Structures are given as structure tokens and as C-alpha cells.
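J.: Model the structure of this input:
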Amino acid sequence: MSTAAYGEYWDEFYRATYQKQSGGKALWDVPVERSAVLDLPLMQQYMPAGLPLLDVGCGTGEIAAFFTSHFPTVIGVDVARGAIDIATTRFPDSAVDFRILDITDAAACRAVSDHYGPLNIYVRGVMHQVDEGHLPGYVDNLEMLLGGNGLLYMMEVASGIRDHFLNHSEGYHKLPPAVQKIFISNLPPRGVTVEDIAHYFPTSRFDILSSHPAKLHTNLHSPDGTEIYIPAVQSIIKTKKFS
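T.: Numbering: from 1, shown residues only. You can find the predicted model right below:
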């Protein structure tokens with residue numbers, strides 16, 4: 001996939017999934033109480049106070065809007081125009097600066113860095129969607145946006161996600177077959193491991209303060225009401241220039 005194709009793919013995804021006729025949602029689109037609210041205490045423990053927060057892959061904007069009560073400035077960015085259109089429609093009076101940004105585009109990221117200076121960064125489920133050939137540039141851009149002072153909080157979908165649900169998730173197999181098919185079609189073929197984090201964020205440039213298995217909430221439940229989770233990796237990272 002070319003970097004230009006990210007915007008086209010995700011724009012189509014958001015427009016098709018969230019169109020009024022279907023009233024759908026992405027499976028990871030959950031209330032902030034099951035996402036950002038759970039992440040916030042750890043973020044506040046590590047992130048320098050006073051820096052703006054960049055929400056990378058902000059989607060439909062709920063998390064970015066929530067963070068405005070906890071950070072002085074919040075920028076919500078997504079590669080999909082469709083997502084940003086939804087976010088600005090849902091939160092017309094929000095203090096969030098919603099904007100289209102391809103996080104693999106160095107020039108576009110430089111423009112954001114030049115405008116805001118060092119940033120704290122929140123990423124929830126983006127790295128696993130970046131083609132492997134683009135990952136070094138993706139990390140370079142995150143490093144630039146951190147600006148030496150910011151801190152990166154990441155929650156990423158773990159590797160082997162499809163095998164997990166096909167072979168190990170009891171709740172998944174309780175779903176109707178049609179729902180199972182849709183669920184699997186929404187999952188990435190590739191995920192992220194703790195080893196991937198160490199590889200792409202080398203110790204020569206970064207300090208990995210924490211990196212361990214975690215879980216992502218979904219908006220799917222088995223027939224008995226049990227929530228179905230996605231295995232994930234949670235990481236907290238700073239640059240060697242951190243001060």
C-alpha cells in the first residue's frame with residue numbers, strides 16, 4: 001500500500017461504516033469509560049504537564065473531546081477525511097483541533113510540530129495498520145512530534161489476533177456465524193508484539209518505560225452479555241532527548 005492509499009482506504013471505511021442508513025460502528029468504537037478513562041491515570045503519571053496532547057487516529061472524536069478536560073490543548077488527527085467530518089459534526093463546540101493528518105507523511109507531521117512544538121502523544125490502534133515498509137518512517141515522525149519533551153502512550157492490537165479468535169476465544173464462538181464473519185473481516189492480519197516495540201523503538205533513540213500485554217475493549221458481546229476483548233500491547237515511551 002502506498003502512503004496515499006491510507007487516506008482513501010480509511011475514508012471509505014468511515015463513510016461506509018457510519019453512514020446514517022446503517023448506523024454502524026467500528027468494533028473498537030466504545031465509550032470513553034472503557035477506553036480513555038482507563039488509560040488516563042497512567043498517562044497523567046508519566047506525561048509532562050502543560051504540553052498539548054496529540055490523539056493519533058482520533059476516529060470519530062470521542063476520546064479527543066474527553067481529553068480536553070485533562071490537557072491544555074488537544075489535537076485530534078486522522079488520515080480519513082470521513083472520520084474528521086464525523087468528529088467535527090459530533091463535537092462542533094469542542095476545543096479539539098480536529099485535522100486530517102497522515103502520520104506517515106513527514107512533511108505534514110513537520111507542519112504540526114512547527115505549529116505546536118513538543119507534544120504528548122496518544123495512539124490507540126494505529127501501528128498495526130501501518131505497512132511494515134512504512135513503520136520506520138512512522139516512528140521517525142512520532143519522534144519528531146514528541147520534540148524531545150513529550151511522552152508517547154500506545155495501545156496496539158496484538159499479533160495473532162485472528163488466530164486468537166478462531167482458536168482461543170470462547171466468547172467469539174458464541175456469536176452468530178454472520179457476526180463472526182464480519183468481526184474477523186474487521187481484524188487486521190498483522191498485529192504488534194512487545195518485541196516489535198523494542199525493534200522499532202531502539203534503545204539508541206528511545207527509552208521504553210513500559211511495554212506489556214493488555215486488552216482492548218470492543219462493542220461486541222457474546223449472547224450471555226460477556227464483553228469480547230481484543231488482545232493488545234500497551235507501551236509508554238520517551239525519547240532519549242526527554243528532559
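J.: immediately after the least confident helix or strand in the chain by mean pLDDT, which helix or strand?
T.: When each helix and strand of the chain is scored by mean pLDDT, DSSP states H and E, helix 177-185 comes last, with a mean of 64. Note on helix 177-185: by DSSP states H and E, the next helix or strand toward the C-terminus is helix 194-200.
J.: show me where this protein has strands.
T.: Here the chain has its strands, by DSSP state E, at 53-56, 74-78, 97-100, 120-124, 151-157, 206-216, 230-239.
J.: What ranges does this protein have for its helices?
T.: Along the chain, the segments classed as helices by DSSP state H run 3-17, 36-46, 62-67, 81-90, 106-116, 135-146, 161-163, 170-173, 177-185, 194-200.
J.: how about those, which one is nearest residue 236?
T.: helix 36-46 (5.5 Å; CB to CB). All C-beta spots, glycine's among them, are computed from the backbone N, C-alpha and C.
J.: Quick one: mean pLDDT for that closest one?
T.: Average pLDDT, helix 36-46: 95.
J.: Then stretch 103-117?
T.: Across stretch 103-117, the average pLDDT comes to 96.
J.: And for stretch 221-230?
T.: 80.
J.: What residues of that stretch count as buried?
T.: Using 16 or more other CB atoms under 10 Å as the test for burial, stretch 221-230 gives 228, 230.
J.: now do the same end-to-end measure for that stretch.
T.: 12 Å (CA to CA, to the nearest Å).
J.: next one: stretch 118-130
T.: Using CA to CA, the end-to-end distance of stretch 118-130 comes to 23 Å.
J.: Could you do stretch 44-51 as well?
T.: End to end - CA to CA - stretch 44-51 spans 12 Å.
J.: Any idea which of the strands of the chain gets closest to residue 144?
T.: strand 230-239 (9.6 Å).
J.: which helices and strands does that closest one pack with?
T.: Counting contacts by 3 or more CB pairs under 8 Å, 6 or more residues apart in numbering; DSSP states H and E, strand 230-239 packs against helix 36-46, helix 135-146, strand 151-157, helix 194-200, strand 206-216.
J.: Can you lay out these as a markdown table showing mean neighbour count and distance to residue 89?
T.: What follows is those, written out as a markdown table (neighbours: other CB atoms under 10 Å; distance: least, CB to CB, whole Å):
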| stretch | mean neighbour count | distance to residue 89 |
| --- | --- | --- |
| helix 36-46 | 14 | 20 |
| helix 135-146 | 20 | 26 |
| strand 151-157 | 23 | 26 |
| helix 194-200 | 16 | 35 |
| strand 206-216 | 16 | 25 |
